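Chemist: Got a predicted structure plus its sequence, pasted below:
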Amino acid sequence: PVLAIEELIWNALDADATYVKVIFIKNLLQGYEKIIVEDNGHGIDANNKKNTFGKLGDSLKKQTLYTRTRRRTMHGKEGKGRFRALGLGNRTEWFSRYSDPAQGIQEWTISADSAELRKFRFSKPTFSTVAATGCTVTISNLNDGLISQLLQQDAVDELTARLALYLKKYQDVTIKYDGQILNPAKLQVSERSYE
């Protein structure tokens, strides 16, 4: 389950996000009903929906080494992140705000169900009243057995370790996971520089 969250975070970072937040939402009975991953990246452009949500193993990221505006190293290239999210819960929805040169900030949603992995549903883009771009991924109908694993400190440490080099290299990035900021320095034993 940590890999699924990691993929969603990488998608945000590949969209030039500087802030990513992973939130676990409880219901009235104190069970977990949703996982939300929010970012302030450039969002998913509706004009690229076929390439963005095409077949497994297909991604727009294959064509580039660096992110669009911040020129950070690109991570994802295989188009697996969107499918891994469906492993955490039966339903996943992406709510995206992106900048269109002719139309301004547009917003739209993409949704998928684990029962129909090949079928993504797209809303029509509309004008957004919010001036900022970004993406919010909401996973619902959660797999309870996986959620308990994601809430352990081991999951936070594993995610921190997996993202450590990126976070050290790009110090303008903040990732907040269930209220904790991922800080590689907490896990680091030593640091040396070599010629």
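Modeler: Happy to help now that I have it. These numbers come from a predicted model, not from an experiment. Residues are numbered from 1 along each chain as shown.
Chemist: Can you give me every residue that contacts T174?
Modeler: Residues in contact with T174 (Cβ atoms under 8 Å, 6 or more residues apart in numbering) are T18, Y19, V20, I181. Every C-beta, even on glycine, is put in place using the N, C-alpha and C of the backbone.
Chemist: ok, the first one touching V173?
Modeler: The reference is to T18. Yes - taking Cβ atoms under 8 Å as the definition, T18 is a contact partner of V173 at 5.6 Å.
Chemist: Residues in contact with stretch 186-195: which ones?
Modeler: Applying Cβ under 8 Å, 6+ apart, the external contacts of stretch 186-195 come out as D157, T160, A161, A164.
Chemist: Compare T18 and V173 (neighbour count), which wins?
Modeler: When neighbours are counted by other Cβ atoms under 10 Å, V173 comes out ahead of the other of T18 and V173, with 20 against 16.
Chemist: give me every residue that touches the more buried one.
Modeler: V173 makes contact with L13, A17, T18, Y19, V20, Y166, L167, according to Cβ under 8 Å, 6+ apart.
Chemist: and the two most separated of the residues you listed?
Modeler: Spatially, the most separated pair among the contacts of V173 is Y19 and Y166, at 14.2 Å (Cβ to Cβ).
Chemist: quick revisit: take the contacts of stretch 186-195 and, keeping just the buried ones, write it as a ChimeraX select command.
Modeler: In ChimeraX syntax, the buried subset of those is picked out as below (16 or more other Cβ atoms under 10 Å):
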select :160,164
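Chemist: Between the contacts of stretch 186-195, which sits nearest T64?
Modeler: Closest approach to T64 among the contacts of stretch 186-195 (Cβ to Cβ): A164, at 23.8 Å.
Chemist: who's in contact with that closest one?
Modeler: So A164 contacts P184, L187, Q188 (Cβ under 8 Å, 6+ apart).
Chemist: how about a cut-off of 10 Å?
Modeler: Each residue near A164 by Cβ atoms under 10 Å, 6 or more residues apart in numbering is listed here: L182, N183, P184, A185, K186, L187, Q188.
Chemist: that older thread, which members of the contacts of stretch 186-195 are positioned in helices?
Modeler: When the contacts of stretch 186-195 are checked against helices (DSSP state H), the matches are D157, T160, A161, A164.
Chemist: could the contacts of stretch 186-195 go into CSV alongside distance to T69?
Modeler: As requested, those are exported to CSV (distance: Cβ to Cβ, whole Å):
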residue, distance to T69
D157, 31
T160, 26
A161, 28
A164, 24
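Chemist: right, and the helix or strand after the lowest-mean-pLDDT helix or strand in the chain?
Modeler: For the chain, the helix or strand with the lowest mean confidence is helix 49-52, at a mean of 76 (criterion: mean pLDDT, DSSP states H and E). The helix or strand immediately downstream of helix 49-52 is helix 81-85, counting by DSSP states H and E.
Chemist: partners of whatever helix or strand comes next after that following helix, with directions?
Modeler: Past helix 81-85, further along toward the C-terminus, the next helix or strand under DSSP H and E is strand 89-100. Within its sheet, and counting by DSSP bridges, strand 89-100 is paired with strand 104-113 (antiparallel), strand 134-142 (antiparallel).
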